[in-house]
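Trainee: What would the 3D arrangement of this be:
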Amino acid sequence: LMTIILIELPFVACFAVFARKFDWMISSVYALMGTAVSFALIYPGNPLTYLVFIKVAVTGIILGKTGWFGGSFPRRLSGVTLPGFVFALIFGLPIVIRGVSPEILEVIKEDTLQIYQAVMTEDNARNTLENAMFFFDQIFKLAFAFYVLFGVVLSWLSFQLANIVLRKFNEPAERIPPFYAFKMPFSAIWVLLFGGVIFVIGYKPSIPLASNILAAMAGLYGMQGLAIVTYHINRISIGRLPKVIFWVIFFLTFAFFSVFLIIIGIFDNWFNLRYSPEFSTHGERGNDNEDYT
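Mentor: Numbers count the residues shown, from 1 in each chain. Predicted coordinates for the structure are as follows:
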């Protein structure tokens, strides 16, 4: 999914330019034409291809029309992420509920085994394959959560790239807060609590849904925790090299620190862990803070 971002981003930026320079209806015509081409020429037997194109086109159109989901940047980000969330419901949720068909699992198993056989002995390849298939099985159980997080990351990067492209066409860029200002709305904590209650109740049919809710919210609050760490690291008056060393160590031990990030991201709902006079005084930065939150 993360590699697909590199393919989807340019198309999102293009449709953002179309929507900004022309009416959204004209942009929709381009989207329908592109969908028809992808259906007829690329993968006629795979509906995922042209459905992805529709998702990308709608994402770009919402991004280009600044009046849609207007107001604060979090609201705009939520609007741009909406097509990705719908995509998660259509494709991610059925995987969680029904699982992956044995035919697809067999194809994944064969392809993975061929990769391992190219770099390992036969015995090691087959032993490693079992661990890999267990990993894939866990990933499929959290398919909805991964699609949701993918949509958020894609939307954030789309704002960055679209601004660069829009400036090339003499169109005004949209103001994007820095990453260290990322903050979930307070109401999102109720979604986390809802998933936690369902999980604790232990009703077996609802466990997969609860696990995906918890995984998605953990990922989002982990991003908020990372934003908090980034904010404080940027404020420390040390040289660039110590900061680079810190981030290298941090990401090498990310599995350990991820729990810490989630915890401080959740605590930030009640304790402003990024409080600073520059974010509380009146003036330009003070107004920016209102948009960030």
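Trainee: where does this structure have low pLDDT?
Mentor: Applying pLDDT under 70 to the chain picks out residues 1-3, 24-49, 275-293.
Trainee: what's the next secondary structure element after the longest helix along it?
Mentor: Counting residues, the longest helix found in the chain (DSSP state H) is helix 207-235. Using DSSP states H and E, the helix or strand that follows helix 207-235 in sequence is helix 240-252.
Trainee: CA atoms only for that following helix, dumped as CSV, please.
Mentor: Listed next in CSV are the C-alpha coordinates belonging to helix 240-252 (Å, rounded to 0.1, in the frame of the first residue of the first chain):
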residue,chain,number,x,y,z
ARG,A,240,21.8,19.1,13.6
LEU,A,241,24.0,16.0,14.1
PRO,A,242,22.6,15.1,17.5
LYS,A,243,19.1,15.4,16.2
VAL,A,244,19.9,13.2,13.3
ILE,A,245,21.4,10.6,15.6
PHE,A,246,18.3,10.8,17.9
TRP,A,247,16.0,10.1,14.9
VAL,A,248,18.1,7.3,13.6
ILE,A,249,18.0,5.6,17.1
PHE,A,250,14.3,6.4,17.4
PHE,A,251,13.2,4.7,14.2
LEU,A,252,15.6,1.8,14.7
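Trainee: Report the next helix or strand after it in sequence order.
Mentor: Past helix 240-252, the next helix or strand by DSSP H and E is helix 254-267.
Trainee: sorry, back to before: okay, buried residues for the longest helix of the chain please.
Mentor: Neighbour counts over helix 207-235 (16 or more other C-beta atoms under 10 Å) mark 208-231 as buried. Heads up, the C-betas are built off the backbone N, CA and C, glycines and all.
Trainee: which other helices and strands contact it?
Mentor: Helices and strands touching helix 207-235, by 3 or more C-beta pairs under 8 Å, 6 or more residues apart in numbering; DSSP states H and E, are helix 93-98, helix 143-168, helix 188-201, helix 240-252, helix 254-267.
Trainee: so which helix or strand takes in residue 18?
Mentor: Under the criterion of DSSP H and E, residue 18 resides in helix 2-21.
Trainee: what's in contact with that helix?
Mentor: 26-27, 30-31, 52-53, 56-57, 59-66, 150, 153-154, 157-158, 161-162, 164-166, 169, 171 (C-beta atoms under 8 Å, 6 or more residues apart in numbering).
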